[in-house]
Every structure is written in structure tokens, then in C-alpha cells.
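[1] Make a model of this:
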Amino acid sequence: ESDTGLYVCLNTFLGVGKDFLALHYQKTGNQVFLHILRKKIEDENADGDSGEVHPKKITKLGIGIEGGYMPESSKIAYEDHYSIVVYPSLQSVSLPNKELPEVINIAVAAIQAADSASRLEELQAAAGTWDGEKRHVSKYAENLVQLDNGVKVSPRNWKCSRCDLKENLWMNLTDGTILCGRKFFDGSGGNNHAVEYYQQTKYPLAVKLGTITPSGGDVYSYAEDDMVEDPYLAKHLAHFGICITQMEKTDKSMLELELDYNQRIGEWSVIQESDSELSPLCGPGYTGLVNLGNSCYLNSVLQVLFSIDEFSKSYFPPNSLFESCPSDPSQDFNAQMAKVAYGLLSGKYSMPAPTLPNIKSIDQVGIKLNMFKSLVGKGHQEFSTKRQQDAQEFFLHLINLIERNNTISNTPNPAHFLKHQIEERVECSRSNKVSYMTRTEYLIPLPIPLDKATNIPEVLDYEERKRKAEANNDTSRIEIVRPQVPLEACFDAFISPETVGDFYSTAINAKTTAYKSTKLKTFPDYLMIQLKKFTFDDNWVPKKLDVAVEVPDRIDLSRLRATGLQPHEEKLPDFKPHSSDDSNGNSSSSSISFDSNVLSQLCEMGFSVNACKRAMFNTQNTGVESALNWLFEHQGDPDINDPFGQESPSA
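    You can find the predicted model right below:
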């Protein structure tokens, strides 16, 4: 879609931009290219202005992706122009042209008929993709009981039978009762009358009025507690006098509401600065990354890393990396990192999007990282899919790839600017003797102490007003008040000592409690932090903290510095297993005591029993986190899964 288009080598079938034609010619000697130039035009058949009564149904919770909500850009179509170009003269021959050699016409036809690389990757990933919005057919649909109560429902002008609400209405498919939907946590939505009715009657299915079109409607199963498909919806509606072929969409579907809600409420509006008038920026370092469908975790990590000058210099300018890359750069990690760097930092792709009459333009075109995402996710159980992922986990995965592919000559390892050492100090509560352990990390996880919020009175007042509103069925919206926790308090929580139970002390040869504290032995040039916003409720169900962390422009990190063994401290003796002889006289370590709860948690994460025991042994039974860190650091050890106890494990 660039002004100069794409040049596809008819020998290697690799796509090359005009800026790199000379390099491709220099490396391969190939001269003949299919030039594809894509021009943007207004789509006269797009939804909205075409007079189409039934707009395309949204089937996926996403923006700008197939099946999701398509903004103004959905009114744009593309027109492709093809020609043969010979390098270096750049002589061009328009296509189709019967006078060209048959072998060229065959190659061109094959390229034009082939799916794009990104499309093939999408199809391949789809086999292992979980779609959170894919609705199953309700088990109640086929044999749904419908009462012959004489109820006939009007095709419009609906109202809740228990209150005056005229929006967010659901019709029960068993008896035709019309009731309002659930109340949202901000006070908007309905008054919960539909769900209360189900609790009284156990009638399972309801359809949202206003979403019914000839292609279907939003059906919710209270019994299955999920949005479902009802293949017999037309028959079920006809029972109450509703002709589905005559219905038109007058209300937002649940997917549309969730999209609106995600943009209007919560962190999204803060991140996007929804109420601010912003001026779009263009130029080097201001290039946007297109969301490929749940790829925001990847985009955000790359934007942060390439905003670091020392990191970027390893990949930009990319000329030397491109010159030394193998014949297929799509499979070379360093070449793909250099390609990302060029896209983000050159400024070539950071420019206002071209405008067309009657179409509101987006701020800039941006770039799509299909090839990069395919490569870094290759063979990975999670990152090879289109599922949502955790940015911190992807960051560590990417750092691992950088370390493994660090073959760039005359350039510092880009990961070294983030590397630092963590020092863990463990003190026996009975002997007061200590041990120190060091490990390498690339980021530190910071807990968020809600009790250190600076606006606790305001938060408590908000929660009380919210509770009263819910009790009184008050639908008025209440402005959300989040706890505001200073970043300094998070650092203080990180270095605060924690109590470790069932700690085996080698000083007393018995179990006791210990006090563990964590600090930084070395400081990196750039300190990456992870705010631990996920916690567990009283039922051990994961939940995300709705909290704002206040980040100052300057912060003193001196209190994070580790001091090492002090003159007045005495080290704990080395942890040695007590040996016992079996009936054959062989030494074993069966007398070593391992915390069964810790061992079980580690095994549930996919590690072998022997690896988990080895980790607990080398971290002196100080808990799950210490053992897990040891496992990550030593997971490449050749003996990590060997039977534990037959020989001393490596520290």
C-alpha cells in the first residue's frame, strides 16, 4: 500500500521494497520482479451509504479486524496494478501482456492466485486458536418448551414489564415476558429484572429485542450463563407472533456494547486520553503498529524496547544486518528485528494516511508485523496463536530470543542494557544466621499495596455509594474512584521482608520460619518493572486490581541496593541432604523434607518432580517464587530432570 508498491522476485518469490531492490540484486543477482502497486479507492458498496438494511453482523470482539467492528476505513477498497520490472534499469512492462515469455506469465498468475503470507499464517494459527466470542448452540434450543399463553409481542415499542425501561430489553422465549437486562458495575444498563425472572421460573433462553434481523439475534442462556446460538430462533419468535424476516436492528448487540464499554469506561479511556484534544505526531520514532487481532501485548513491548536508544542501535540502521542475513530473511530473527526497527524508526511509515472524499482518514497508516509475529511465535504454544497474551511473558520470551540470537558483530548485546542481578537474603528466625542467593533478571515484579493508597477515604466513600445504589436499584451512573498508589510504595513492598514458613534451617537442622527480603545487587541501564495487577480473591479466583499507580518523573532507587553479607552476620551452613542406606547399602536422600504444597504447585506448572525437588533443594525450601526463578534460570541444564538424590545437584 506504499507509494512505491511491492516488488516480488520471480526467482525467490520474496517481496522487497524499492529501497532494498539494490541490496536484493547484489545478494542474489535476480533482476526480474513482479511490481504490485495498490491504490486506495472509495468502496461504493460499503455498509452505511449503500442503503443496506441489515449491516454486517459483528461476530468478534475486536476493532478493525475481520468479523469485528470496522470503522470508517471499511468504506475503503483497494485497486491493484501489476507490471513486470527489470532491475537495475527499472524498465517496466504493464500486465497482462501476452508477448511476455510463458514462464513469466505462469509465475505471475501463481503469485496473483496465492493467498498472502499473512492469510496463510492466520489460517494455520486458527487451528489452535480459542475464540472467546465463538458461541455454541444452546442445549435448550432444540426442545425448548414454549407456553401457549396467547402472548403476542409487538415488533416495536417495547417496555420492561416490571419497570419503565425501554432499552436493553430481553424477551423470554418460553413465555414471551419482556424484562430489562443486567445492571453494569457503573450503574448503567438495566435493573436485573430478566435474570431475577429466570431465578424464579428457570425459563432458560431470552433474546435481546432490537438485535433481531433475518440473520438472527443475540440469545442468552441463563441456565448456561453464556451467550448462545439458537438455530430455531425464527420458530421460537413466530410462536409469539414475531416474523423474523421483517425485523430490523434497532439496538446495539452485546458485542457492540462491550466494545463501546471498553472504550468508554476504565483504563481504556485513561490510556487513550479520550477527553483530550491531541495532535497526531508523525516522523521517526512515532510510527504506529497495527493491531493484528489480540496483538497489543506484542506491539506495546516492541514500542517500549525500541524507544531505548541503546537497544535500537543494535538493529538500526539495518543495512549491515540485511547484508549478512541468509537467503530467506523471513526466518532470520535478527533480520526481522532490524525490519521492525526500520519500520518504527526510519519515519518512512509514519505519515498521515491519504484521504479520500467523504471518508474520514485515520491519523497514520502504521505498519503490520505479521512476519515478525509469525517468526517469534513459531513453535510456542501460546505466542503462535491469536489468543490474548501477557505482555510480561512475551517480554521475557523476546529477551530469550535476543540472547540466543546474539550474533551481531561489533554491537553490544541489546539485552544487556536491561540485565541485572537480584540478591535474596534469607534469615533463620531462631539462629539469626543468613544466606544470600543471586540470580539474573531482566525486570522486577512490583506488588501493589492497596493499603498505601493516597485516597483511601475517597475510595471507601465511592464503594459505599456504589453499594447503596445497587441495593436501591439506582441506575444513575457513579463516577469511578480508583485507589491511587504511589510507585514508591510498590518499591517499598518489593523490598519488604516476608515470612517463609516450614523453612528448613541448616543451622538448627530443623524446620522453622525465616525472613526473606529481595533487593538489587546490580542496577541495569534501564530498569523494566511489572506492576502485579492480578491477585486472587477469597475463593482463589484470579482477578485484576482496578487501581491507578502514580509514577513520578524522578525517583530515588538507592533503597533497592543490596548490601551483601555484613561483618556482623554469620552464614547458614551449606544445605546437605541427610543420607540413609537402603537394603542394598545404596545412599539415598529420602530423608530430605520437601514442602508438599510447594512441590505440587511447581509440578502443576509443567515441571518434572525431579526438577522441582532440585529447585527447592537449591533455594533452601524458601518457597514457590524462589524455586520457580531457579527453574527458569536452569531449565536448560542437561541434568535438571535426572533422578534427584543419586548425586549432588548443581547449584
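
[2] Starting from the helix or strand bottoming out on mean pLDDT in the chain, tell me the next helix or strand along the chain.
    Within the chain, no helix or strand scores below strand 587-588, which has a mean of 40 by mean pLDDT, DSSP states H and E. Per DSSP states H and E, strand 587-588 leads on to helix 596-604 as the next helix or strand towards the C-terminus.

[3] which helices and strands sit right next to that next one?
    helix 609-618, helix 624-634 (3 or more Cβ pairs under 8 Å, 6 or more residues apart in numbering; DSSP states H and E). Every C-beta, even on glycine, is put in place using the N, C-alpha and C of the backbone.

[4] quick check, distance from that helix to the centre of its chain.
    Centroid separation for helix 596-604 versus its chain: 27 Å, with Cα atoms, centre = their mean, to the nearest Å.

[5] ditto for stretch 199-206
    36 Å.

[6] and if you look at stretch 630-640?
    A distance of 27 Å separates the centroid of the chain from that of stretch 630-640, by Cα atoms, centre = their mean.

[7] Phi first, then psi, for the residue nearest to residue 146 when sequence neighbours are not counted.
    Excluding the flanking residues, the one nearest residue 146 by Cβ to Cβ, 6 or more residues apart in numbering is residue 239, at 4.8 Å. Main-chain torsions, residue 239, degrees, to the nearest 10: phi -60, psi -30.

[8] and residue 401, how far is that from residue 395?
    Applying Cβ to Cβ, to the nearest Å, the value for residue 401 to residue 395 is 11 Å.

[9] When the two are compared, which one has more neighbours?
    Of the pair residue 401 and residue 395, residue 395 is the one with more neighbours under other Cβ atoms under 10 Å, namely 22 against 18.

[10] center of this protein - which residue?
    Residue closest to the average C-alpha location in the chain (Cα atoms, centre = their mean): residue 389, at 3.3 Å.

[11] Check whether that residue sits in a helix, strand or coil.
    coil (DSSP: H, G, I helix; E, B strand; the rest coil).

[12] give the contact list for it.
    Contact analysis of residue 389 by Cβ atoms under 8 Å, 6 or more residues apart in numbering lists 294, 297, 298, 382, 383.

[13] What are the phi and psi values at the third one?
    Pointing back at residue 298 there. Dihedral angles for residue 298 - degrees, to the nearest 10 - are phi -70, psi -50.

[14] Model confidence for it, exactly?
    On pLDDT, residue 298 comes in at 95.

[15] How about residue 650?
    For residue 650, the model assigns a pLDDT of 38.

[16] pLDDT weak spots in the stretch 401-550 of the chain?
    408-409, 473-476, 536-541 (pLDDT under 70).

[17] got the domain boundaries for the protein?
    What the TED database lists as the domains of the chain is 6-44+55-129, 132-270, 281-353+363-410, 419-560, 592-650.

[18] Make TSV from the ones you listed and add distance to residue 569 to it.
    Shown next, in TSV, are these (distance: least, Cβ to Cβ, whole Å):
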stretch	distance to residue 569
domain 6-44+55-129	52
domain 132-270	44
domain 281-353+363-410	33
domain 419-560	5
domain 592-650	16
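
[19] hang on, residue 86 packs against residue 31?
    Yes. In this structure, residue 86 is within contact of residue 31 by Cβ atoms under 8 Å, at 5.6 Å.

[20] Same drill for these two, tell me which one is more crowded.
    residue 31 (16 against 12).
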